[in-house]
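Asker: heads up, no residue letters with this:
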């Protein structure tokens, strides 16, 4: 365990899932990348659940003990708790052990990794609290189990559950979502930190279009909309559509497979979930990322596509807009005719035009996504 004698600030991060968990997608990467940045200048501890999303068996790591995460930047201690430790006494014990300057929470509604540690941390006068809502206050997210969420948020406002919390918004839109629920809240914007840039832009096979979707197979992801449009487009080349992501809704996947069956326009495959470290070969052979999401707080798959020189075909429900004018892809409203027309354009560009889009995507990632200002904003979250 890292020494408590360090003069560096101590930050304890609480999150439901942390690597080697991967099935929850973007929020895991957001937290991991933030922790990696903080370790350069802070002493960092992470407490997380011992299970991947939807899994009953624990992760194949040492459980309920501190483990040092390999890092060239600094010390990161991680503890994966099994369910018997998901309680107030465990949180009180670890908070008294570490006495963190800050605790960073990564959910609005998580009982065991937000609400319980939030209450426990209030007993330490020296510990400040930061909370990242991770898109959970957006319109689309609030439309799921809306009554339960409205009641919870009204209760939270009434009792001051989140008083004196510093909210960590990823975008200006998320800041507005926070202030819409908690007027006058201390809310700072710090864009999520993307994974590192890829050294080389790999040449793609030009005999067919390779389109990839990265994310959970669940109805809330609106995958059927994008697939239906793709199945009805006229393309200059054959199309192969690859879905990569854990299957959380088997019935929904069966519906998607039925849509793709008995048609010869698009070759569709489902590869299941895989950790981000295994995605490299798929990014490097893909021409486009497809995402018809109804809400995306950041979009790690979007920015990772750009890092790999892969333009994107996405909805206008993400922070990334006006992509066509930037030459890095397209963002369209969720209207069938608009998507059909847009896909016709994207899937009929010639090889030279696609290469221009690919190079623009990597340049945009370097200049606008991964830059020192983003890292500074994240570090400033933990300043007075």
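Answerer: Perfect, thanks for sending it. On a predicted model such as this, the values are computed, not experimentally measured, just so you know.

Asker: count of residues packed around the residue nearest to residue 238 when sequence neighbours are not counted?
Answerer: If the residues on either side of it in the chain are set aside, residue 238 comes closest to residue 208, at 4.3 Å by Cβ to Cβ, 6 or more residues apart in numbering. For glycine as for every other residue, the C-beta is placed from the backbone atoms N, C-alpha and C. Counted with other Cβ atoms under 10 Å, residues neighbouring residue 208 total 14.

Asker: same question, residue 180
Answerer: Residue 180 sits with 11 neighbouring residues when counted by other Cβ under 10 Å.

Asker: measure it to residue 157 for me?
Answerer: Computed as Cβ to Cβ, to the nearest Å, the residue 180 to residue 157 distance reads 11 Å.

Asker: hmm, back to that, just the pLDDT for the residue nearest to residue 238.
Answerer: On pLDDT, residue 208 comes in at 95.

Asker: And residue 171, by the same measure?
Answerer: The predicted local distance difference test score for residue 171 is 92.

Asker: While we're on residue 6, how confident is the model there?
Answerer: Here the pLDDT value assigned to residue 6 is 63.

Asker: who touches the worst-scoring helix or strand of the chain on mean pLDDT?
Answerer: Sorted by mean pLDDT, DSSP states H and E, the helices and strands of the chain end with helix 139-142, the least confident at a mean of 89. With contact meaning Cβ atoms under 8 Å, 6 or more residues apart in numbering, helix 139-142 is reached by 135, 149-150, 220, 294-295, 317.

Asker: repeat for stretch 193-209
Answerer: Applying Cβ under 8 Å, 6+ apart, the contact partners of stretch 193-209 are 29-30, 33-34, 36-37, 210, 235, 237-240, 276, 280, 283-288, 300, 303-304, 307-309, 347, 351, 354, 358-359, 362, 365-366, 369-370, 374-375, 378.

Asker: Need the buried ones from those selected in ChimeraX.
Answerer: Here is the ChimeraX command that picks out the buried ones among the contacts of stretch 193-209, judged by 16 or more other Cβ atoms under 10 Å:
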select :29,30,33,34,36,37,210,235,239,240,276,283,284,285,286,287,288,300,303,304,307,308,309,347,354,358,362,365,369,370,374,375,378
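
Asker: how near is the closest residue to residue 55 other than its chain neighbours to residue 203?
Answerer: Closest residue to residue 55 in three dimensions, ignoring its sequence neighbours and counting by Cβ to Cβ, 6+ apart: residue 23, at 7.3 Å. Residue 23 sits at a distance of 32 Å from residue 203 (criterion: Cβ to Cβ).

Asker: Looking at these two, which one has more neighbours?
Answerer: More crowded of residue 23 and residue 203, by other Cβ under 10 Å: residue 23, with 19 against 11.

Asker: burial measure for residue 335, as a count.
Answerer: Residue neighbour count, defined by other Cβ under 10 Å, stands at 14 for residue 335.

Asker: list the contacts for it?
Answerer: Residues counted as contacts of residue 335 (Cβ under 8 Å, 6+ apart): none.

Asker: Make 5 the first number, not 1, from now on.
Answerer: Shifting the count to begin at 5 puts that one at residue 339.

Asker: quick one: it from residue 346, how far?
Answerer: The gap separating residue 339 from residue 346 is 10 Å, by Cβ to Cβ.

Asker: go on, residue 376?
Answerer: 34 Å.

Asker: and these two? which has more neighbours close in?
Answerer: Applying other Cβ under 10 Å to residue 376 and residue 346 shows that residue 346 carries more neighbours, namely 20 against 7.

Asker: host element of the more buried one?
Answerer: In the assignment (DSSP states H and E), residue 346 maps to helix 340-350.

Asker: One more: residue 216?
Answerer: Of the helices and strands defined by DSSP H and E, residue 216 is found in strand 213-218.

Asker: Got the confidence number for residue 76?
Answerer: Checking the pLDDT column for residue 76, the value is 60.

Asker: do the same with residue 300
Answerer: As summarised for this prediction, residue 300 has a pLDDT of 89.
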